[in-house]
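Chemist: structural data only, the sequence is not supplied:
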């Protein structure tokens, strides 16, 4: 796979060729997406769903065409089930606020200890507000979700199960389809945080049989500020809007309002029109390659780099050690060195990684860590990038051993 | 190799302070104390001060953080013990100005002056300033109580 469509990747950083390995935070944008945005703003921009003029028609058509592309991308049944949001965080908060109205005292919500704060705090605060109980599924020794514990925790009191399909720290793929079966067997709904999965693997929400699925555009070649909330139509129909305002109404009277149809009921105000259209173009780009091909290619990188990382003395690698259970999100620490120092060393070598708690503080506490460094690959990365990462870690290790190079 | 630029950031004296920090621990009879967190990285710094008659008689720090934040705390405690709180406030200001690249007289900062190189690494400025922020807050906590 080539990266010639990504001009940003072809530059020097600190006199070294840039190796961008912070894709779990955000991905770079191909020319096709950036140019499509330029074209939209230069030719077609107008507000959607309101005007009768030609530009408004073009804009609305492209906005709704993007929704159809999203529907196909995750294989939802209907466009009514695709709500444009600001991103995964916004989507998950919407579910917690709106579907959360069904939660009552004594009910239980089950999440996992590896959740990103955006799939944790909304449920924690909902539990506090509703006097419900929040329960955490822990990990096995190998850094996988403990399904035996999940089976014990999910019971008839459980109303919501919400788990990430891929961990943004451990890189592990969670069996969300099995969790959905467990949840449904006890009458609970299944929420899937797809922020780290949708950009990297084929998604079929009907096959997963999840009730809600959330993901972000900027982690899959599109712009920031656009994301998706998928929800089963029958659930969305019964839910009340989280935000009130323009476009989400059917008819407003002085003391009463009726809501617009799905999905607009949940899209108050002028939406991120260009963002949605850019997501559509990003999906076109990804489909051109093929999601299965992207997944297989990234697995090749993991097969190649994970054993090399595990072989570095004093490097602790988190998550499963079996490459077949690990996606291309890899967290690690050099013993005795803070990850910020490691990340600065890698940056000097042109290698961009993230260092910190990755918005997963309960997981850090659970693992007995304060922070980790994290390299995350995308399809435009190469095996040479993986080599550069390994070399830069070794060089940084030597630097701190001797105080110089 | 671009890693050589790291010499500007991680001067030997900084690595020495980080490996063997001075005044690391707690003061059981602290007159002033504070715990500061760096929310972006999860680092924690606890600072204890013993202030008598407007003079910092003793200081100690604990918690966890990166090389820069640990070395900075070690250097800061070295520099402010024995100083009046007024002088220490002046040093906080001097350090803040130095770390954003302003041309200031840094003699009063002693070892901490070598952290000047951090100004070329914007992402790491917060690591260096955490200890001095803690000092400022701990000293002013007394005044408000």
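Modeler: The structure has been received and is ready for your questions. The shown structure was predicted, so the numbers you read here are calculated from the model rather than taken from an experiment.
Chemist: those strands in chain B, which residues are they?
Modeler: B:32-38, B:43-52, B:55-64 (DSSP state E).
Chemist: now the stretch 51-200 of chain A
Modeler: Along the stretch 51-200 of chain A, counting by DSSP state E, counting those that start in this stretch, strands occupy A:82-85, A:108-112, A:133-137, A:158-164, A:189-193.
Chemist: measure stretch B:77-94 end to end?
Modeler: Using C-alpha to C-alpha, to the nearest Å, one end of stretch B:77-94 lies 15 Å from the other.
Chemist: can you report how many residues neighbour residue B:94?
Modeler: As a burial measure, residue B:94 scores 20 neighbours (other C-beta atoms under 10 Å in any protein chain shown). In short, each C-beta sits where N, CA and C put it, glycine included.
Chemist: my bad, residue A:17
Modeler: 15.
Chemist: spit out the contact partners of residue A:284.
Modeler: Listed by C-beta atoms under 8 Å, 6 or more residues apart in numbering or on different chains, the contact partners of residue A:284 are A:32, A:69.
Chemist: for the stretch 201-350 of chain A, which segments count as strands?
Modeler: A:212-216, A:227-231, A:249-252, A:257-259, A:315-317, A:329-334.
Chemist: looking at those, which is nearest to chain B?
Modeler: strand A:329-334 (11.5 Å; C-beta to the nearest C-beta).
Chemist: ok, and does that closest one reach over to chain B?
Modeler: No. Against chain B, strand A:329-334 shows no contacts by C-beta under 8 Å from any C-beta of the partner chain, the least distance being 11.5 Å.
Chemist: nearest to chain A: which residue in chain B?
Modeler: Counting by C-beta to the nearest C-beta, chain B gets nearest to chain A through residue B:66 (3.5 Å).
Chemist: and the residue in the stretch 251-400 of chain A positioned nearest to chain B, what pLDDT?
Modeler: Nearest residue of the stretch 251-400 of chain A to chain B: residue A:338, at 3.5 Å (C-beta to the nearest C-beta). Residue A:338 is assigned 93 on the pLDDT scale.
Chemist: and it, what is it in contact with?
Modeler: So residue A:338 contacts A:371, B:65-67 (C-beta under 8 Å, 6+ apart).
Chemist: in contact with residue B:138, which residues?
Modeler: Contacts of residue B:138 (C-beta under 8 Å, 6+ apart): B:32-34, B:47, B:49.
Chemist: which bits of chain B sit near chain A?
Modeler: Near chain A, when you scan chain B using C-beta under 8 Å from any C-beta, you find B:1-7, B:9-10, B:12, B:15, B:40-44, B:64-68, B:121, B:123-124, B:127.
Chemist: circling back: can you pick the most crowded of the contacts of residue B:138?
Modeler: Of the contacts of residue B:138, with other C-beta under 10 Å as the count, residue B:47 tops at 29 neighbours.
Chemist: that residue pairs with what?
Modeler: Per DSSP bridges, the residues bridged to residue B:47 are residue B:34, residue B:61.
Chemist: residue A:366 contacts residue A:113, doesn't it?
Modeler: Yes. Counting by C-beta atoms under 8 Å, residue A:113 is a contact partner of residue A:366 at 5.0 Å.
Chemist: those two - which one has more neighbours?
Modeler: residue A:113 (19 against 14).
Chemist: so that one sits against residue A:140, correct?
Modeler: No. Using C-beta under 8 Å as the test, residue A:113 is too far from residue A:140 to be in contact (11.5 Å).
Chemist: beta partners for residue A:333?
Modeler: Here residue A:333 sits in beta bridges with residue A:316, as judged by DSSP bridges.
Chemist: and the residue of the stretch 101-250 of chain A that's closest to chain B?
Modeler: Nearest residue of the stretch 101-250 of chain A to chain B: residue A:117, at 11.2 Å (C-beta to the nearest C-beta).
Chemist: neighbours of that residue, how many?
Modeler: 16.
Chemist: give me the distance between it and residue A:384.
Modeler: Using C-beta to C-beta, to the nearest Å, residue A:117 is found at 34 Å from residue A:384.
Chemist: likewise residue A:199?
Modeler: Residue A:199 is 22 Å from residue A:384, by C-beta to C-beta.
Chemist: those two: which is more packed in?
Modeler: In this view residue A:199 and residue A:384 are compared by other C-beta under 10 Å, and residue A:199 has more residues nearby, 27 against 10.
Chemist: chain neighbours aside, what residue packs nearest to that one?
Modeler: residue A:220 (3.6 Å; C-beta to C-beta, 6 or more residues apart in numbering or on different chains).
Chemist: what residues are up against the one you found?
Modeler: Here residue A:220 is in contact with A:27, A:198-199, A:279, A:282-283, A:286 (C-beta under 8 Å, 6+ apart).
Chemist: which of these fall within helices?
Modeler: A:279, A:282-283, A:286 (DSSP state H).
Chemist: name all residues that make contact with residue A:183.
Modeler: A:110, A:154, A:158, A:160-161, A:189-190.
Chemist: switch those over to JSON lines; also include pLDDT, distance to chain B and neighbour count.
Modeler: Formatted as JSON lines, the contacts of residue A:183 follow (pLDDT from 0 to 100; distance: C-beta to the nearest C-beta, whole Å; neighbours: other C-beta atoms under 10 Å in any protein chain shown):
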{"residue": "A:110", "pLDDT": "98", "distance to chain B": "25", "neighbour count": "28"}
{"residue": "A:154", "pLDDT": "98", "distance to chain B": "30", "neighbour count": "23"}
{"residue": "A:158", "pLDDT": "98", "distance to chain B": "31", "neighbour count": "21"}
{"residue": "A:160", "pLDDT": "98", "distance to chain B": "28", "neighbour count": "27"}
{"residue": "A:161", "pLDDT": "98", "distance to chain B": "27", "neighbour count": "29"}
{"residue": "A:189", "pLDDT": "98", "distance to chain B": "32", "neighbour count": "21"}
{"residue": "A:190", "pLDDT": "98", "distance to chain B": "30", "neighbour count": "24"}
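Chemist: between the residues you listed, which is nearest residue A:135?
Modeler: Nearest to residue A:135 among those is residue A:110, at 4.9 Å by C-beta to C-beta.
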